[in-house]
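In: The following block contains a protein sequence and its predicted model.
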Amino acid sequence: MIIADLNTMEGRTFPARRRTRNLVGGASPIQAKNFAMGLVILEPNGGQVPWHNQEQEEIYFILEGNGEICLGEERREISSGQAVFIPHQVFHQLTNTGETPMKMIYCYGPAGDVAHWRQELEGTLPKAGVDVPPLPEGAAPQCTKAPD
């Protein structure tokens, strides 16, 4: 039996002010072919999963906090207890608009690497409205590096 324990995982901190710990796939001891899953904590007042797309279908489930989810041309408020389905290849972004950390579980399938993690760490994320489609009107700006 393989058990992944969030209490012992350091995880990875990203420039857009979030910490990700993989439960399935990635750096986790649990490897599955059909899905990946993890916990993300977005810092208060703007922590973000920046504007990106990927081949896999995905679910974001908000455990704590509230924020803004952008999906394609739509922008909506999202809060604890809500889940959003993200179809493959559709651009999306999640921003913590609250005063407290936002905790979110992601699950995508099939399993595999998602390029936006590497791109964000390397500073090569495509820019919304320049290299890739624009964010929906009124959306929080795309965050690709930590504030000074």
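Out: Here it is on my side, so go on. Residues are numbered from 1 along each chain as shown.
In: so what's Tyr108 bridging to?
Out: Here Tyr108 sits in beta bridges with Ala36, Glu58, going by DSSP bridges.
In: Give the burial count for it, as a bare number.
Out: Around Tyr108 there are 22 other residues, counting by other Cβ atoms under 10 Å. From N, CA and C alone the C-beta is placed, and that goes for glycine too.
In: Quick check, it in contact with Tyr60.
Out: No - between Tyr108 and Tyr60 there is no contact under Cβ atoms under 8 Å: 9.6 Å.
In: any idea how far Val24 is from Gln31?
Out: Using Cβ to Cβ, to the nearest Å, Gln31 is found at 7 Å from Val24.
In: How about Gly123?
Out: 28 Å.
In: Settle it for me: which of those two has more neighbours?
Out: Neighbour count, other Cβ under 10 Å: between Gly123 and Val24, Val24 has more, with 20 against 9.
In: count of neighbours near the nearest residue to that one once chain neighbours are set aside?
Out: Using Cβ to Cβ, 6 or more residues apart in numbering and skipping the chain neighbours, the partner closest in space to Val24 is Met37 (4.3 Å). By other Cβ under 10 Å, the residues close to Met37 number 21.
In: what's the neighbour count on the spatially closest residue to Val132 that is not a sequence neighbour?
Out: Spatially, and ignoring its direct neighbours in sequence, Val132 is nearest to Pro126 (4.4 Å; Cβ to Cβ, 6+ apart). The tally of other residues near Pro126 (other Cβ under 10 Å) stands at 19.
In: thought Pro126 was touching Gln119?
Out: Yes - under the criterion of Cβ under 8 Å, Pro126 makes contact with Gln119 at 7.5 Å.
In: Kindly point out which residues are neighbours of both of the two.
Out: Residues touching both Pro126 and Gln119 by Cβ atoms under 8 Å, 6 or more residues apart in numbering: His52.
In: May I see the buried residues of stretch 121-133?
Out: Leu125, Pro126, Ala128 (16 or more other Cβ atoms under 10 Å).
In: Now the spatially most central residue of the chain: closest residue in space that isn't a chain neighbour?
Out: Nearest residue to the geometric centre of the chain (Cα atoms, centre = their mean): Val49, 3.9 Å. Nearest non-adjacent residue to Val49, counting by Cβ to Cβ, 6+ apart: Leu94, 4.4 Å away.
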